[in-house]
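Trainee: this is the structure alone, sequence omitted:
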């Protein structure tokens, strides 16, 4: 099982797959960060840990069911000459869910907090957040594992790469969640990212491949612009405070 350890090609596959899994995990981190940003701090931390643990469990379980995963890519029905597999269906449903969820959250942000939000998180908010994280974890896990199968042949390499990626995601999700919670404008940007990701998942399920590099480049550029805006806002507040004291 670990014969690849003595083979440089095995290590190259591990590094490449780990990097790919980390990149694919960005979508998951953004979604979890947006969801937990509306929860109290203690619940947000708990939901974040549960969400990432579920993501790890789903990925590892799917890796041990490689035969079933490969069958997910076989067409189950055809529409207008285009075959749709269970993987396509999962991606389309998951993408549609992301678009609907992000649109709903944007509408809520535009309308302002409701009465329940002003009083605090609703009693079932934590359970609802974990349930939604679970659904999206499954969608992203299927996409991630199908990609892993195409890049590596050894299950042990895939499992190690997934564990490495999940460790990086866990380390990054905390700062990302806190940043989104403290800067409302970045939450709107994150929601726009989720719509973009949802559209790409629906397109992928419909056999229309949108290179992920284009999507992540656009996200990185928008995030860089928003980071500049946040830093400029801090400097303006600092200068305004200094003038007030003078």
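Mentor: Done, it's in. Note that the structure is predicted; figures quoted are calculated from it, not measured.
Trainee: what ranges does this protein have for its strands?
Mentor: Taking DSSP state E, the strands of the chain run over residues 75-79, 82-85.
Trainee: how about the nearest residue to the residue nearest the centre of the chain, chain neighbours excluded?
Mentor: Centroid check for the chain by CA atoms, centre = their mean gives residue 28 as the closest residue, at 1.5 Å. Take residue 28 and drop its neighbours on the chain: the residue closest to it by CB to CB, 6 or more residues apart in numbering is residue 140, 4.9 Å away. Heads up, the C-betas are built off the backbone N, CA and C, glycines and all.
Trainee: neighbours of that neighbour, how many?
Mentor: 24 (other CB atoms under 10 Å).
Trainee: residue 24 is in contact with that one, correct?
Mentor: Yes - with contact defined as CB atoms under 8 Å, residue 140 reaches residue 24; the gap is 7.1 Å.
Trainee: quick one: least confident helix or strand in this protein?
Mentor: Ranked by mean pLDDT, DSSP states H and E, the helix or strand of the chain with the weakest confidence is helix 115-119, at a mean of 49.
Trainee: picking that back up, so who does the residue nearest to residue 28 touch?
Mentor: 24, 25, 27, 28, 55, 94 (CB atoms under 8 Å, 6 or more residues apart in numbering).
Trainee: can I get the residues you listed in a markdown table with distance to residue 206?
Mentor: As requested, those are exported to a markdown table (distance: CB to CB, whole Å):
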| residue | distance to residue 206 |
| --- | --- |
| 24 | 19 |
| 25 | 23 |
| 27 | 18 |
| 28 | 22 |
| 55 | 25 |
| 94 | 13 |
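Trainee: now intersect the residues you listed with the helices, please.
Mentor: Mapping these onto helices (DSSP state H) picks out 24, 25, 27, 28, 55, 94.
Trainee: burial count for the residue nearest to the second one when sequence neighbours are not counted?
Mentor: Looking back up the chat, that one is residue 25. The shortest distance from residue 25 to any non-neighbouring residue, by CB to CB, 6+ apart, is to residue 169 (4.5 Å). Neighbour count of residue 169, defined by other CB under 10 Å: 22.
Trainee: other SSEs contacting the longest helix anywhere in the chain?
Mentor: If you go by DSSP H, the chain has its longest helix at helix 212-245. Contacts defined by 3 or more CB pairs under 8 Å, 6 or more residues apart in numbering; DSSP states H and E place helix 212-245 against helix 8-36, helix 184-205.
Trainee: next, the buried residues of the shortest one.
Mentor: Translated: helix 184-205. Buried positions in helix 184-205, judged by neighbour count with 16 or more other CB atoms under 10 Å: 186-191, 193-202, 204-205.
Trainee: residue 175 and residue 207, how far apart?
Mentor: Remark: distance between residue 175 and residue 207 (CB to CB, to the nearest Å) = 37 Å.
Trainee: and if you look at residue 158?
Mentor: Counting by CB to CB, the gap from residue 158 to residue 207 is 25 Å.
Trainee: and the two? Which one has more around it.
Mentor: Legend: neighbour count by other CB under 10 Å for residue 158 and residue 207, higher for residue 158 (26 against 11).
Trainee: got the contact list for the closest residue to that one other than its chain neighbours?
Mentor: Excluding its sequence neighbours, the residue lying closest to residue 158 (CB to CB, 6+ apart) is residue 148, at 4.7 Å. Contacts for residue 148 were tallied using CB under 8 Å, 6+ apart; they are 17, 20, 21, 63, 158, 161, 162.
Trainee: want to throw those residues into JSON lines with pLDDT?
Mentor: Output for the contacts of residue 148, formatted as JSON lines (pLDDT from 0 to 100):
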{"residue": "17", "pLDDT": "80"}
{"residue": "20", "pLDDT": "77"}
{"residue": "21", "pLDDT": "78"}
{"residue": "63", "pLDDT": "75"}
{"residue": "158", "pLDDT": "80"}
{"residue": "161", "pLDDT": "84"}
{"residue": "162", "pLDDT": "82"}
